[in-house]
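Peer 1: what shape does this take:
(one chain, ligands or ions: 1)
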Amino acid sequence: MSVYATELFTGKTVLITGASSGIGRAFAQRAAAHGARLVLVARRAAVLAELATELQTRHDSQVHVIPCDLAIPGAGTQLHDEVVAAGLEVDILVNNAGVGAHGDLVAARAADVVAQIQLNVTALAELTTLFLPAMTARRQGTVINIASTAAFQAIPHMAVYGATKAFVLSFTRALWAETKATGVRVIAVCPGATDTEFFDIAGEAASVGRRRSPGDVVDTALRALHRHRPSVVDGISNAAVAMISPRLPARVAIGAAERSVRPTAG
Ligand SMILES: NC(=O)c1ccc[n+]([C@@H]2O[C@H](COP(=O)([O-])OP(=O)(O)OC[C@H]3O[C@@H](n4cnc5c(N)ncnc54)[C@H](OP(=O)(O)O)[C@@H]3O)[C@@H](O)[C@H]2O)c1
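Peer 2: This is a model prediction of the structure:
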């Protein structure tokens, strides 16, 4: 895997959203270990600063920290402007920041639904749209969009989250085809349950099956990018579910998804 990481990251500038924990943090650590410059984005400025110090000390990395709340409309454009103003040319964009709320829509706050869509969908599409033209002009670059196995069927009790990830998968696969001849690589990475802070918000009922590690997700992404795949599911059992689910009658697939994330009593 280290060959793929060297091939992708060495000498490149990598912008990672949601770099303060979980999968984004694992991407940052891997990229730094292979000689990338980093632009770390998330809300928790102190956590990002601590990570930047760790990466500078351990790998002598150049690290820029940009604290930013991507659930605020226009935040993606502001982030892009700040990156350009700092004279940074992003080679690899990792659109990873995302949240999943668990619970029925009837009990949800509209503002929370809008914020989830703004972060998982709008900011991701906004950042991709803003950074892509410079990549195609240079005829090199990579966009890694983090979707989910939730993208492959509707997810009752996580209706908004599942729909946002279906957007990410569809959007990214289409973009893969649009950019095929441009020298830019685009991929949607679909993790299943992964051991991160995600479940602090989503709750334990949202966790299906054995959790894999954030490092596993990075390995899977690197391997699939090397093979120029439009999308990839992390883990064999997750890949099997993602393959079977869309082939089932809708009510069967929805029923199975409902049972797997049904709120637990008490
Ligand atoms: N863990 C899983 O089981 C799983 C499965 C499938 C897909 N995924 C996807 O993987 C991605 C990464 O999640 P994770 O599992 O690594 O969870 P995580 O540990 O909770 O990380 C989420 C990251 O997003 C950042 N973030 C959250 N809200 C933000 C906002 N409004 N603006 C900017 N940054 C924000 C968080 O940092 P701050 O709090 O500092 O802002 C954090 O760095 C997400 O897109 C998630 O949907 C996760």
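
Peer 1: not counting sequence-adjacent ones, nearest residue to residue 233?
Peer 2: Nearest residue to residue 233 in three dimensions, chain neighbours excluded: residue 239, at 4.1 Å (C-beta to C-beta, 6 or more residues apart in numbering). C-beta here means a position set from N, CA and C on the backbone, and glycine is covered the same way.

Peer 1: distance from the chain centre to whatever helix or strand the one you found lives in, please.
Peer 2: In the assignment (DSSP states H and E), residue 239 maps to helix 236-244. Averaged C-alpha coordinates place helix 236-244 at 19 Å from its chain's average position (C-alpha atoms, centre = their mean, to the nearest Å).

Peer 1: quick check: phi and psi on residue 190?
Peer 2: Note on residue 190: backbone dihedrals following degrees, to the nearest 10 are phi -120, psi 90.

Peer 1: check residue 139 too.
Peer 2: Main-chain dihedrals, residue 139, degrees, to the nearest 10: phi 60, psi 30.

Peer 1: what does the stretch 151-266 of the chain have sitting close to the ligand?
Peer 2: Counting by C-beta under 6 Å from any ligand atom, the residues of the stretch 151-266 of the chain close to the ligand are 191, 193, 194, 196, 197, 198.

Peer 1: point out where the stretch 151-266 of the chain drops to low pLDDT.
Peer 2: Applying pLDDT under 70 to the stretch 151-266 of the chain flags residues 265-266.

Peer 1: number of residues surrounding residue 242?
Peer 2: Here the count is done by other C-beta atoms under 10 Å, and residue 242 has 23 residues near it.

Peer 1: residue 22: neighbour count?
Peer 2: The number of residues packed near residue 22 is 22, by other C-beta under 10 Å.

Peer 1: for residue 86, same thing?
Peer 2: Residue 86 has 10 neighbouring residues, counting by other C-beta under 10 Å.

Peer 1: and it, how far from residue 263?
Peer 2: Residue 86 sits 44 Å away from residue 263, taking C-beta to C-beta, to the nearest Å as the criterion.

Peer 1: moving C-terminal of the strand or helix carrying residue 218, what's the next helix or strand?
Peer 2: Using DSSP H and E, residue 218 falls within helix 214-226. Next in sequence after helix 214-226, counting helices and strands by DSSP H and E, comes strand 231-233.

Peer 1: what are the ranges of the strands in the stretch 1-150 of the chain?
Peer 2: 13-17, 37-42, 63-67, 92-95, 141-146 (DSSP state E, counting those that start in this stretch).

Peer 1: of all those strands, which one is nearest residue 101?
Peer 2: Closest to residue 101 of the strands of the stretch 1-150 of the chain, according to C-beta to C-beta: strand 141-146, at 16.9 Å.
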